[in-house]
Every structure is written in structure tokens, then in C-alpha cells.
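Engineer: Pasting a predicted model and its sequence here:
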Amino acid sequence: MKTIVAQHRGFCYGVKRAVEMAQGCIHCAVPTYTLGPIIHNPQMVGRLAAKGIGMANTLEEIARGTVIIRSHGVGPDIYQAAQARGLQIVDATCPHVQKAQQAAKKLAGQGYHVVIIGEKRHPEVKSIFEWSGNKAQIIETVDEARELPFQERLGAVAQTTFAGDAFQAIVEVLATKTNDFKIERTICTATDLRQQAALALAAKVDIMLVIGGRNSANTTHLADLCLQAGCKTYHIETAEELQQEWFADVEAVGITAGASTPDWLIEEVYDKMQEMNQFMGDGVKEINVGDILQGKVVSIRPDEVFVDIGYKAEGVVPIGELAYPVPEDTADVVAEGDLIEVYVNEIDGKNGLILSKIKADRIVAWDKLETALAQNAVVEGKVTEAVKGGLRVAVYGVRGFIPASHIELRYTEDLAQFVGQNFLLTPIEVDRVKQRAVLSRKLVLEAEQRQKEQEIFARLAVDDVLSGTVTRIADYGAFIDIGGIDGLAHISDLAWERVKTPHDVVSVGDEVKVVVTKVDPQARRISLSLKQATRDPWLDRVDQFTTGSIVKGKVTKITNFGAFVELAKGIEGLVRLAELAEKRVSKAEEIVSVGQQVNVKIMEIDKAAKRIALSMIKASQDAERAEYQEFLTKNTEVGLTLGDQFGHLFKRED
């Protein structure tokens with residue numbers, strides 16, 4: 001018969017905190033009492049009483065000394081009354097309960113009709129009610145929610161241990177009872193986790209044992225959930241309640257516990273189950289100390305792992321026997337369902353079946369390393385320490401070494417940055433006798449790089465548009481990672497405008513769009529362009545101009561074949577020598593100078609070549625023709641011929 005313990009069970013954070021605070025008062029010089037049971041567990045209350053922590057039902061029973069406010073909390077009047085009686089107060093109210101209390105107070109202060117979703121007789125609900133100013137309405141069922149009259153403003157808080165599905169069902173009804181609904185979801189997540197773990201376990205076992213006080217609402221609800229899931233369930237408070245006949249012909253038993261159940265009670269029940277297993281003798285396979293067996297991880301706690309190796313009880317791997325170096329949490333090493341090899345440390349002793357993954361790992365580690373070396377295979381290791389010349393690494397539970405030259409593709413001086421990281425490694429030297437294992441990460445990275453390059457070159461094509469990350473900047477351009485391989489965007493391909501330095505356009509780490517302009521697998525080179533991934537802004541700017549129009553511009557540059565004129569920012573055109581003036585011109589300086597404002601006529605716009613042809617002559621002639629047309633319309637002077645006025649328009653100086 002297998003005994004499986006639920007992953008989430010027993011004390012929640014708030015209960016554990018309250019008990020620890022009460023235990024901290026054991027040696028106080030003054031009488032100390034809890035106001036009501038510190039938690040809903042009579043065994044825990046009895047232990048505290050045996051150590052001098054009494055219990056009072058009302059403040060009037062406490063003449064002097066210290067009063068401990070239990071995890072369920074109390075209303076504000078109790079604090080005031082305790083202070084008035086001169087009592088010292090130790091507030092062990094669960095922080096989640098305090099959150100619910102303050103939420104109720106805030107909602108009431110904002111004018112909401114406050115609803116507390118919870119059990120009417122539960123002390124936590126009573127404390128939340130009092131913090132609402134005794135104005136809240138307590139709703140326990142969906143039917144009660146349906147009976148609630150329509151409210152202009154409605155605010156809801158919940159008992160921290162209330163069932164999540166029941167809470168949601170009630171909230172859905174309350175949402176129809178108002179136009180302004182504010183929900184403070186104050187259910188503790190530990191409650192949901194405990195219930196989900198219990199239900200998951202109930203689906204895999206024949207019997208569930210739910211441990212906890214019968215006066216504990218959350219324990220009772222936990223037992224009800226297991227029953228509703230179709231699993232035979234027993235709600236017990238102590239190991240003494242276990243009966244041998246419950247387990248006749250039973251193959252698997254699950255154990256869980258309510259939030260008020262201390263670990264020592266859970267351990268007593270588990271130990272009792274092991275004793276019963278031994279007495280029943282169910283014919284499981286024999287094992288011996290020193291055996292190395294494969295087992296399945298069936299449950300995980302922060303400090304231990306339960307493993308099924310086919311024995312009459314599950315084995316326990318303490319966190320110190322799980323991995324090298326010792327992890328902070330067992331979940332960092334294994335997951336439920338993992339198959340692992342374990343070494344049998346202890347059988348049926350005081351602590352039950354104790355296993356070690358470290359010892360098993362070390363025994364088989366050298367075989368695995370030698371095989372990996374022979375086959376040039378990859379192993380996984382965790383960096384534990386940066387030392388002179390390289391890194392210490394844990395592989396299969398043994399210590400290995402990575403030389404500094406084998407850590408990265410390029411040499412790196414800061415070795416401390418790698419501590420704690422997991423690496424894929426290739427063994428390059430393995431000596432079982434000297435207990436020496438030298439490994440390389442660089443060889444793995446090089447193999448991965450070659451594989452990536454082959455895949456990328458196989459699918460790349462000119463004109464592909466890709467996303468990339470700038471990894472390095474040189475004077476002549478920027479290197480861009482396009483998915484495991486770098487391509488180069490030359491400085492001339494970074495922007496449509498002239499670029500003085502790549503730093504003016506990009507920075508290391510920038511995410512950019514690029515176009516592939518050339519692929520050379522033999523040379524392992526990829527040419528990229530940032531500017532081609534965007535529309536040339538020149539095309540947008542030039543659209544404001546039309547052929548035949550006359551515009552004003554500024555002379556920006558003079559050459560031996562003409563003058564460049566800026567029409568707008570980034571838009572320049574050329575006035576050739578023959579178009580500067582009607583007379584023969586040998587140098588543009590004879591007519592214009594840099595910075596001079598001139599009128600020009602747009603003769604041609606060549607978008608493909610990004611060229612604009614301009615003429616100052618045509619601009620001048622068009623202006624005079626316009627004046628001529630105006631003269632014909634308005635001038636009536638007699639005796640003045642057209643030739644006298646405009647004959648020069650039809651002459652050209654040689």
C-alpha cells in the first residue's frame with residue numbers, strides 16, 4: 001500500500017505566523033492568553049496551554065498581562081477595550097484577514113453597501129463585519145445572493161478561506177444587483193492551492209485522510225471536496241483515530257491537512273501508516289541499503305521530495321540529498337512525474353525510507369561522463385563558482401571544471417556573471433581515478449552556431465525583410481543579429497540621408513527592420529540594409545513639386561557644370577550652365593553664389609534616378625511672359641509697339 005502526501009497541505013502562512021508569535025510569548029514574565037483558540041486545532045491549543053499560554057473567551061477573563069489576537073482577527077472595539085484594561089497586545093491576525101478587514105472598512109467609508117461572502121458563524125467573518133462598522137451584509141450561498149435587493153453601489157469582500165468556485169458563483173449573482181460593483185478578492189491563494197492539490201491526489205488514490213480539527217471550517221470543506229470527487233474520505237484529528245480495517249485491499253492512500261493542522265500531526269499520521277503497512281505486509285519488493293533504484297517523483301515540498309520506488313511506502317529525499325550544490329527549493333531541481341535514480345540510505349527506521357539522489361548521481365556520474373566523452377555527447381551542468389582560470393561546475397552530482405577559454409565563443413574576463421547558470425557542455429577530459437572532469441561550453445556553442453548558420457543560409461533570400469538586433473557597431477557599419485547569425489549593414493545602407501557615423505543612426509541593442517541585399521554562404525557573409533526597409537523620404541518630399549512650376553530655392557553648391565539649388569529640406573535640383581542665363585556662361589560663379597536665393601523652373605523630375613533638372617532662364621522668361629500678358633490686358637498707351645516693350649524676349653546673345 002502506497003502512502004502519498006499532498007503537495008500543498010497543513011499550515012498556511014497566516015496560521016504558521018500566528019503559532020510562531022504565540023510560541024514567542026511562552027517565556028513572557030506576565031500571564032499570556034489567546035483571545036479564543038489561536039487556531040482551529042485543539043491539539044495545538046493544548047500544546048500551547050501546556051507551555052503556559054492560556055486561552056480566554058472574553059477580555060473580562062484577563063485581569064492583567066498579554067492578550068494574543070488570533071489569526072482570525074477581531075473588531076476594532078477589542079483593541080480599544082484591551083488598551084483600556086492596560087493589556088499588552090500581540091496582534092497575530094493573518095495579513096490576508098487584515099487586508100479583508102481594511103477592504104470592508106474602505107468600501108463602507110466610500111458609501112458602498114458592503115457584502116461579506118463567507119460563513120456567518122466564522123470568527124474571521126465576524127471580525128470583518130465589525131471593521132465595516134457593523135453595516136455589512138453576510139452572504140453564504142447563491143440563494144442568499146439572489147434575495148439581495150438592488151443596490152445603487154455594491155462592494156464585496158470574502159472570507160479568506162472561502163471556496164473559490166462558490167465565491168465566483170455568488171459574485172456573478174451580485175453583479176446583477178447593482179450598477180456600480182466593486183470586488184475586493186481577498187481569498188488566500190493558499191486555500192485554492194491546498195484544495196487543488198487535494199482534488200488531484202483524490203483522483204489517484206483509493207482513500208483520502210484529511211487531518212485537522214473538526215471545528216476547522218477549511219478542513220471540513222477539504223474533506224467534503226474529496227468526498228464529492230468520489231474518493232472515500234476520513235476526516236481525522238490524530239493518528240490514534242486510524243483503523244486497520246479502513247485499508248483492507250487498498251493500494252494507495254492520500255494524506256492532506258487543513259490550514260490549521262501542524263506538521264507534527266501530519267507526520268504522526270504518516271508514521272502510523274508506515275507501521276500499519278509493515279504489519280499488513282503486502283508483498284512489495286525487497287530493497288536493501290545501498291541499492292540504486294529508479295523512482296518517480298510523486299510529491300514535492302520546499303525541503304523534501306517524495307519518490308515512489310515500488311516499495312510499500314514512498315521514499316523521502318531530503319533537500320540536502322537532492323542535488324549538488326544544495327538548491328534553495330526542491331522545485332528548482334525536479335518536478336512531479338520526473339523519473340530519477342536514487343540511492344537507498346535508510347529503510348524503515350525512525351525517519352522511514354530515506355533516499356539520496358546525490359549518492360546515486362555520483363555513483364553513475366563517471367560512467368555517464370566517460371560515455372559522453374567517447375560519443376562526443378552533450379551533458380548539462382550548473383556553474384557553482386568562479387575560480388582562477390575558469391569555472392567550477394556540477395555535472396551529474398560531481399565537480400567539473402570549465403577553462404576560461406572554453407566558456408564563450410569569445411574570451412570573457414567577467415567569470416562571476418556565470419555563477420548559478422546552467423550550461424550544456426561537452427567533456428574534453430575525464431579521469432575517474434583522479435576524479436577530474438574538464439568540460440567545454442565553447443564547443444557546444446560553436447556546434448550550435450554552425451547549425452544555426454546552415455539553417456539561416458538555407459532559407460535566406462535577397463529582398464527578405466527581417467527583424468534583427470544591433471550587436472556591434474564599427475566605423476564602416478553595424479552588425480545585426482537576424483536570428484543566430486550576424487549580418488552587416490554598411491554605413492551607406494543605414495539611412496537614406498548621408499551618415500557621418502553609424503552611432504548617429506543605431507545603438508547596440510536596438511531592434512530594427514532590415515532587408516537582405518546579398519547572401520554569400522561560402523564566405524559566410526550577409527549584407528543588410530536598414531534604409532531599404534523604409535520608404536525613401538525623398539519620394540514623399542518631392543511629391544510637393546510638379547514639372548513646369550516655378551519655385552524659389554537656395555544655391556547650395558557650385559560645380560564646373562552648374563549650380564545645385566535646394567528647393568526644400570533634402571530636395572535639390574541642378575541648374576546646368578546653359579540654363580543659368582541667356583548669355584553664354586563659362587563659370588556658374590559669374591551668375592550665382594552659394595547661399596543666394598533664386599527663382600527656378602522645374603524642367604524634369606526623375607524619381608528613379610532621384611534627379612531634378614532646373615532652369616533659371618525659363619523661370620525668368622516665364623515671369624516676363626506673365627508680365628506681358630498682364631500688359632496686354634491693362635496697358636492702353638498709344639504708339640508703343642509690342643516689339644519696343646518685349647522684343648528682347650525673342651533675342652539671344654551669342
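Structural biologist: Thanks, I have the structure now.
Engineer: okay, CA-based contacts and neighbour counts for the rest of this
Structural biologist: Noted.
Engineer: ok, the residue most central in space within the chain to residue 422 distance?
Structural biologist: Residue closest to the average C-alpha location in the chain (Cα atoms, centre = their mean): residue 332, at 16.1 Å. Note on residue 332: its distance to residue 422, by Cα to Cα, to the nearest Å, is 12 Å.
Engineer: again, but for residue 174
Structural biologist: Between residue 174 and residue 422 the computed distance is 50 Å (Cα to Cα).
Engineer: go on, residue 542?
Structural biologist: From residue 542 to residue 422 the distance is 56 Å (Cα to Cα).
Engineer: Those two: who's more crowded?
Structural biologist: Set residue 542 next to residue 422 and count neighbours by other Cα atoms under 10 Å: residue 542 wins out with 18 against 15.
Engineer: is it true that the more buried one touches residue 571?
Structural biologist: Yes. With contact defined as Cα atoms under 8 Å, residue 542 and residue 571 form a contacting pair (6.8 Å).
Engineer: Pull out the buried residues from stretch 181-195.
Structural biologist: Within stretch 181-195, the residues that count as buried by 16 or more other Cα atoms under 10 Å are 181, 182, 183, 185, 186, 187, 188, 190, 191, 192, 194, 195.
Engineer: what does stretch 584-604 give?
Structural biologist: Of the residues in stretch 584-604, 587, 588, 592, 598, 599, 600, 601, 602, 603 count as buried by neighbour count, 16+ other Cα under 10 Å.
Engineer: What sits closest to the second one if chain neighbours are left out?
Structural biologist: What that stands for is residue 588. In this structure, residue 588 finds its nearest non-sequential neighbour in residue 562, 5.7 Å apart by Cα to Cα, 6 or more residues apart in numbering.
Engineer: what sits opposite the one you found in the beta ladder?
Structural biologist: residue 559, residue 576 (DSSP bridges).
Engineer: From residue 587, how far off is it?
Structural biologist: For residue 562 relative to residue 587 (Cα to Cα), the value is 8 Å.
Engineer: Could you do residue 230 as well?
Structural biologist: 103 Å.
Engineer: Equivalent analysis for residue 353, please.
Structural biologist: In terms of Cα to Cα, residue 353 sits 103 Å off from residue 587.
Engineer: pLDDT averaged over the helix or strand residue 516 falls within - what is it?
Structural biologist: Using DSSP states H and E, residue 516 falls within strand 511-520. Mean per-residue pLDDT for strand 511-520: 91.
Engineer: any idea how far the closest residue to residue 574 other than its chain neighbours lies from residue 594?
Structural biologist: Leaving aside its sequence neighbours, residue 574 sits nearest to residue 564 (Cα to Cα, 6+ apart; 4.6 Å). Distance, residue 564 to residue 594, by Cα to Cα: 9 Å.
Engineer: and for the two, which residues touch both?
Structural biologist: Here residue 564 and residue 594 share the contacting residues 555, 556, 557, 558, scored by Cα atoms under 8 Å, 6 or more residues apart in numbering.
Engineer: Next step: these restricted to strands.
Structural biologist: Among the shared contacts of residue 564 and residue 594, the members falling in strands (DSSP state E) are 555, 556, 557, 558.
Engineer: For those residues, could you give me TSV that also reports pLDDT and distance to residue 577?
Structural biologist: Formatted as TSV, those follow (pLDDT from 0 to 100; distance: Cα to Cα, whole Å):
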residue	pLDDT	distance to residue 577
555	94	14
556	93	15
557	93	13
558	94	10
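Engineer: and the two most separated of the buried residues of stretch 181-195?
Structural biologist: 181 and 194 (29.2 Å; Cα to Cα).
Engineer: returning to that earlier point: next, the residue nearest to residue 574: secondary structure please.
Structural biologist: strand (DSSP: H, G, I helix; E, B strand; the rest coil).
Engineer: got the contact list for it?
Structural biologist: Counting by Cα under 8 Å, 6+ apart, residue 564 makes contact with 555, 556, 557, 558, 572, 573, 574, 575.
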